[in-house]
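J.: Sequence plus the predicted model coming up.
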Amino acid sequence: MAADEASDDSIVQRGGPQRRAIHVAAIAQISERGFSATSMANIADAAGMSRPALYQYFRNKGDIFSSAFVALFNDHADRALQALDDDGTNAQRLDGFLQRFEGDLWEQMAASEHSEEIMSAKTADTAEEIQYVVARLRSGLATFLATAFPGWNQTATARRAEWAEVLELSPKGFKFDSPDVAVYRRRLTTLARGVAADIDA
């Protein structure tokens, strides 16, 4: 994860300022050092607080990592959902949705040489909380698709379900050959345009 993206205070809109500062510091330190090589002291120093003060907010490094990782996903989900509400064509709005969540996260992970370790450090609790983020994305996308392609007959409902499935699953396949960021973003744009063209047809 890129420290420049992660260092912005808008990364976490949830929790108090101290927790936000800890999240930002943790993401930057873990991106730079890797999860196993990052200590509580590293995070405390980067957050501008003492190590004992850190324990007032989190039990341990794993607790900080889980909280920061979920906050990161929530922030990108917020931006993705906002893109669906922005002005523009269906293709532009779907592309914004995909770029703000899938594309931006891929760029952050690609910027860290420790991305594999970071991904494997996720706990069961983290994975469960991320499912809530995914549920928010699904709900927002369903609302967008219902507006872009209204109707509640069986055909309209089935088409929306197909588009939602393709938009959720295709980005995972786009990562199969570990593309660079520009290639991955281009694939997302192609997907958005394809689904939008089908909606608009």
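T.: Received, thanks. Residues are numbered from 1 along each chain as shown.
J.: any weak-confidence spans in this structure?
T.: 1-15 (pLDDT under 70).
J.: Contact partners for the most centrally placed residue in the chain?
T.: When the chain is reduced to its mean C-alpha position, the nearest residue by CA atoms, centre = their mean turns out to be residue 73, at 3.7 Å. Applying CB atoms under 8 Å, 6 or more residues apart in numbering to residue 73 gives the contacts 105, 130, 133. All C-beta spots, glycine's among them, are computed from the backbone N, C-alpha and C.
J.: what's the closest non-adjacent residue to residue 137?
T.: residue 77 (5.5 Å; CB to CB, 6 or more residues apart in numbering).
J.: How many residues are close by the nearest residue to residue 114 once chain neighbours are set aside?
T.: Nearest non-adjacent residue to residue 114, counting by CB to CB, 6+ apart: residue 34, 3.7 Å away. Close neighbours of residue 34, defined as other CB atoms under 10 Å, add up to 17.
J.: What of residue 20?
T.: 19.
J.: can you map out the helices along the chain?
T.: Secondary structure of the chain, counting by DSSP state H: helices at 3-6, 17-33, 40-47, 51-54, 61-85, 90-98, 104-110, 115-120, 124-148, 154-174, 181-200.
J.: so who does the residue of the chain positioned farthest from its centre touch?
T.: The outermost residue of the chain relative to its centre, with distances by CA atoms, centre = their mean, is residue 153 at 32.8 Å. Listed by CB under 8 Å, 6+ apart, the contact set of residue 153 is empty.
J.: Kindly report the same for residue 167.
T.: Here residue 167 is in contact with 94, 97, 98, 141, 191, 195 (CB under 8 Å, 6+ apart).
J.: what's the answer for residue 88, then?
T.: Taking CB under 8 Å, 6+ apart, one finds residue 96 in contact with residue 88.
J.: can you check residue 82 too?
T.: Contact partners of residue 82, counting by CB under 8 Å, 6+ apart, are residue 100.
J.: any idea how far it lies from residue 137?
T.: 12 Å (CB to CB, to the nearest Å).
J.: How about residue 111?
T.: From residue 111 to residue 137 the distance is 23 Å (CB to CB).
J.: okay, these two: which has more neighbours?
T.: residue 137 (22 against 16).
J.: ok, that one touching residue 81?
T.: Yes: when contacts are counted by CB atoms under 8 Å, residue 137 is listed as touching residue 81 (7.0 Å).
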